[in-house]
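S.K.: Just a sequence and a predicted model for now, questions to come.
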Amino acid sequence: MPVEAFARYLQNTSVSLFLQSQSAWLWPLSETVHFIGLALLIGATGFFDLRLLGFMKRVPLTVARQFMPLALFGFGLNLTTGILFFVAQPYQYVVNWAWWGKVAFLLVAGLNAMFFETTQGARVLAIGAGDDTPLIFKVVGALSLLAWFAVLYFGRMLPFFA
Amino acid sequence: MAFLEWLQHLPVFVTIAESGSIWGYPTILVLHTVGFVFVVGSALIINARLLGLGRLAPLSEFGLLFPIMWAGFTVNAISGFILFAIAATVKAAQAIFWIKLSLVAMALVVTVPIVRIVKGGGEQDAVPARGRVLAVMSLVAWTGAIVAGRLMAYIK
């Protein structure tokens, strides 16, 4: 498998070896940050998704969207710490199918959000206080919740599917 | 402690700890993580609103997040008790475990007046100064609980 060869190569680079040598403090710190990022990411995204589904209708959709910078900040934290985990121990991840599940649902969540922003973003302005959302908004919201909780599931199951 | 020994050796907890099935210990951990996101995710949004984000939406509408928070809290009280019980003698000896529990208790105490402020908000958008102080206290307590919870795996 070329991907396994790449992982073996990466794991022997100086940057990976350095991260491995610092793991005693770096791993607990990064895991803690990864969990804080998770709460920010799914907390704010989930809130927006619930409004897309038609809950909390008195919150205009543009106002619900004002919480999304919290999600982006959480995503930034988790992308950074996630890359750190991967660079330090790439081999254990690429041979773990839970990790591939996590990556797959990250892609689903990302493409879903991209689809929404590019094709529906302008319609967000039209959903004011008390307004219900169109069906496509509900589908996007449901898919987003499903994808992010699947990311959480496979992430948490990483140690058990190794 | 005899009680902790007894608890830990109850057949149900021995089974969860030692079955090796993904429906045992790993699933309890997943539930604890999902419950955590429900609780802290809801608290995050409500606290951010109290601190001024999204102030164009009525405060009381954010009270609809409380059922999600309580559902998550119920899941975590139960899953947390199971996670404690399967290793009761070890966890009870960890200072960091008691720090985590204290921080969760603090967060709960702070949530009581927050519920009152949010539900009493009606159509009003304004948040009393006390609401902002409580929001900061809630964020600090939940963040501390996350840190302590994570460190339980490292500080024995």
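M.R.: That came through, no problem. Numbering: from 1, shown residues only, chains lettered A, B, ... in the order given.

S.K.: number of nearby residues for A:Phe154?
M.R.: Close neighbours of A:Phe154, defined as other C-beta atoms under 10 Å in any protein chain shown, add up to 22. Where C-beta positions appear, they are placed from N, C-alpha and C, glycine not excepted.

S.K.: same for the strand or helix carrying it, what does it pack against?
M.R.: Element membership for A:Phe154, per DSSP states H and E: helix A:135-156. Counting contacts by 3 or more C-beta pairs under 8 Å, 6 or more residues apart in numbering or on different chains; DSSP states H and E, helix A:135-156 packs against helix A:23-52, helix A:97-115, helix B:25-50.

S.K.: and these, which is most packed in?
M.R.: Of all the helices and strands packed on helix A:135-156, helix B:25-50 has the most neighbours on average by mean count of other C-beta atoms under 10 Å in any protein chain shown, namely a mean of 23.

S.K.: Indicate whether that one makes contact with chain A.
M.R.: Yes: residues of helix B:25-50 contacting chain A under C-beta under 8 Å from any C-beta of the partner chain: B:26, B:29-30, B:33-34, B:36-37, B:40-42, B:44-45, B:48.

S.K.: Dump the strand or helix carrying B:Glu5 to PDB, restricted to CA.
M.R.: Following DSSP H and E, one finds B:Glu5 within helix B:2-8. Below are the C-alpha coordinates for helix B:2-8, written out as PDB (Å, rounded to 0.1, in the frame of the first residue of the first chain):
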ATOM      1  CA  ALA B   2     -14.900  -1.700  50.800                       C
ATOM      2  CA  PHE B   3     -17.800   0.100  49.000                       C
ATOM      3  CA  LEU B   4     -15.700   1.000  46.000                       C
ATOM      4  CA  GLU B   5     -14.300  -2.600  45.800                       C
ATOM      5  CA  TRP B   6     -17.900  -4.000  46.000                       C
ATOM      6  CA  LEU B   7     -19.100  -1.500  43.300                       C
ATOM      7  CA  GLN B   8     -16.300  -2.300  40.900                       C
END
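
S.K.: ok, and for it, which residues are buried?
M.R.: By neighbour count on 16 or more other C-beta atoms under 10 Å in any protein chain shown, the buried set for helix B:2-8 is B:Leu4, B:Leu7, B:Gln8.

S.K.: same question, stretch A:80-96
M.R.: A:81-82, A:84-94, A:96.

S.K.: Next step: those restricted to helices.
M.R.: A:Thr81, A:Gly82, A:Leu84, A:Phe85, A:Phe86, A:Val87, A:Ala88, A:Pro90, A:Tyr91, A:Gln92, A:Tyr93, A:Val94 (DSSP state H).

S.K.: for the residue in chain B that chain A sits nearest to, what are its contacts?
M.R.: Distances between chain B and chain A by C-beta to the nearest C-beta are smallest at B:Gly41, namely 2.9 Å. For B:Gly41, the contact set (C-beta atoms under 8 Å, 6 or more residues apart in numbering or on different chains) comprises A:Ala39, A:Ile42, A:Gly43, A:Ala44, A:Gly46, A:Phe47, B:Ile68.

S.K.: quick one: the first one and B:Phe36 touch, right?
M.R.: Yes: the pair A:Ala39 and B:Phe36 passes the contact test of C-beta atoms under 8 Å, sitting 7.1 Å apart.
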